[in-house]
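Asks: Pasting the sequence and the predicted model now:
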Amino acid sequence: MAHDTAFLLLPGMAAEERLFASQMLAFPNLRVPRWIAPLPNESLRAYAARLASVVDPGRPCIVGGASFGGIVALEMSLHLRTVACVLIGSVRSPAEFSWRWRLLRPLVYLGPDQIGWLAGLLVWVGKRWLPRGTARRLERLSRPEAAFVRWALCAVLRWQPSPTVKHVRVFHIHGEADRTLPVELTRPDEVVPGGSHALSLFNAGEVNVFLRRVLAWAACN
């Protein structure tokens, strides 16, 4: 990669820079921006544009992300001097969401705050019969500090991609065993055998090799 090309990766909606711990060791010039607070009722496209203005390195860049971060990176790429966008266990459009995500779309009409209230209510009412893992996730979603996750959930469920994202050069790696965003609904360049949704953590070696190929491509283009 050319020395003047920046490299940005965004974590998932409930993650932070530790998701890319291995990548940060492998690529010293990698930057993992922090999420900024969303505005009330802000769309994913509007949020991505605003985040791009905050993290813009002012030079050509490779921008990407994992899961939700990849979706935001795809929209951000339209507002940066983007060389390429890297998707790690992510999708290019809502058409690649599974039926489970589609079933959640009515939650958009509740809004982030009401989703938190509903999650807390479900834990209180169903604590005896809810699976322990489900109850734990709902309890976390109901906490005040989960406000960003609740907004992100609503934003991605009502996401309508910008028309020009189809012109962005995308490099996509996906896990074969990804249950959150099933690989058979996506169009990845590389599928990691047995890889789960958290590829950058549990399949760091494969992800790093893939990223090196992207950076080598960028250095020649």
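Replies: It's in. Numbers count the residues shown, from 1 in each chain.

Asks: chain center to the helix or strand harbouring R100: distance?
Replies: Using DSSP states H and E, R100 sits in helix 99-103. Distance, stretch centre to chain centre, for helix 99-103: 17 Å (C-alpha atoms, centre = their mean, to the nearest Å).

Asks: Next, the buried residues of that helix.
Replies: W101 (16 or more other C-beta atoms under 10 Å). Where C-beta positions appear, they are placed from N, C-alpha and C, glycine not excepted.

Asks: what secondary structure does the closest residue to F68 other than its chain neighbours sit in?
Replies: Closest residue to F68 apart from its sequence neighbours, by C-beta to C-beta, 6 or more residues apart in numbering: M13 at 3.9 Å. Counting by DSSP: H, G, I helix; E, B strand; the rest coil, the backbone at M13 sits in coil.

Asks: Near M13, how many other residues are there?
Replies: The tally of other residues near M13 (other C-beta atoms under 10 Å) stands at 21.

Asks: For it, list the residues it contacts.
Replies: M13 sits next to 67-69, 148-149, 152-153, 156 when contact means C-beta atoms under 8 Å, 6 or more residues apart in numbering.

Asks: Buried ones among these?
Replies: Counted by 16+ other C-beta under 10 Å, these give 67-69, 149, 152-153, 156 as buried.

Asks: Tell me the one among those residues nearest to R213.
Replies: The shortest approach to R213 among the buried ones among the contacts of M13 belongs to G69, at 19.9 Å (C-beta to C-beta).

Asks: Wait, that closest one touches P11, no?
Replies: Yes: with contact defined as C-beta atoms under 8 Å, G69 counts as touching P11 (5.1 Å).

Asks: In helices only, show me the buried ones among the contacts of M13.
Replies: Among these, the subset assigned to helices under DSSP state H consists of 68-69, 149, 152-153, 156.

Asks: Mind picking the two most distant members of those residues?
Replies: Greatest spatial distance among those (C-beta to C-beta): G69 and L153, at 14.0 Å.

Asks: Tell me where this protein has strands.
Replies: With DSSP state E as the criterion, the chain has strands at 6-10, 30-31, 61-66, 82-88, 170-175, 190-192.

Asks: Make CSV out of those and add distance to L201 and mean pLDDT.
Replies: Below are the strands of the chain laid out as CSV (distance: least, C-beta to C-beta, whole Å; pLDDT from 0 to 100):
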stretch, distance to L201, mean pLDDT
strand 6-10, 13, 97
strand 30-31, 15, 96
strand 61-66, 9, 98
strand 82-88, 10, 97
strand 170-175, 11, 98
strand 190-192, 12, 98
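
Asks: residue contacts, V156?
Replies: 13, 44, 68, 71.

Asks: Mind splitting this structure into its structural domains?
Replies: Taking automatic domain parsing as the reference, the chain has its domains at 6-93+161-219, 99-153.

Asks: now what about the helix holding R100, what contacts it?
Replies: Residues from elsewhere that reach helix 99-103, judged by C-beta under 8 Å, 6+ apart: 94, 157.

Asks: Try it again at 10 Å.
Replies: Counting contacts by C-beta atoms under 10 Å, 6 or more residues apart in numbering, the residues outside helix 99-103 that touch it are 91, 94, 97, 153, 156-157, 179-182, 185.

Asks: May I ask which helix or strand of the protein has the lowest mean pLDDT?
Replies: Every helix and strand in the chain was compared by mean pLDDT, DSSP states H and E; the lowest is helix 132-142, with a mean of 71.
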